[in-house]
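**Q** only geometry, no sequence info:
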């Protein structure tokens, strides 16, 4: 048994992997931790406004002056299913909802 404790269940949502760079060419930087904090602060939703560089979320830019070549590749779980989103440095307003409401 569980010794009277509630049974632990694996999370059904969250970031699996997030990399930022000039995919598929290096450098590709793991930015999962930065986005996990953003998702927790915003109740499981990541918002990327149109006029905000992606590097704003990470505090650094691995390839300065290469705006069009960089992408964020976000692999996330929602409802127990893995999804992937690719967001370019030049992007429209983008929202990724990680958690089922």
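**A** Yep, that arrived. This structure is a prediction, so every number in the text was calculated from the model and none was measured.

**Q** wasn't residue 20 part of a helix?
**A** No - assessed with DSSP: H, G, I helix; E, B strand; the rest coil, residue 20 is strand; it does not lie in a helix.

**Q** gap between it and residue 81?
**A** Computed as CB to CB, to the nearest Å, the residue 20 to residue 81 distance reads 23 Å. To be clear about C-beta, it is placed using only N, CA and C from the backbone, and glycine gets the same treatment.

**Q** and for residue 49, the neighbour number?
**A** 11 (other CB atoms under 10 Å).

**Q** can you tell me which residues contact it?
**A** residue 93 (CB atoms under 8 Å, 6 or more residues apart in numbering).

**Q** distance of it relative to residue 85?
**A** 15 Å.

**Q** if we can go back for a sec, so between residue 20 and residue 81, which is more surrounded?
**A** Neighbour totals were compared for residue 20 and residue 81, and residue 20 leads with 28 against 9 (other CB under 10 Å).

**Q** just checking, what packs against the helix or strand of the chain with the lowest mean pLDDT?
**A** Across the helices and strands of the chain, mean pLDDT, DSSP states H and E gives its lowest value to helix 32-41, namely a mean of 79. Counting contacts by 3 or more CB pairs under 8 Å, 6 or more residues apart in numbering; DSSP states H and E, helix 32-41 packs against strand 13-21, strand 45-48.
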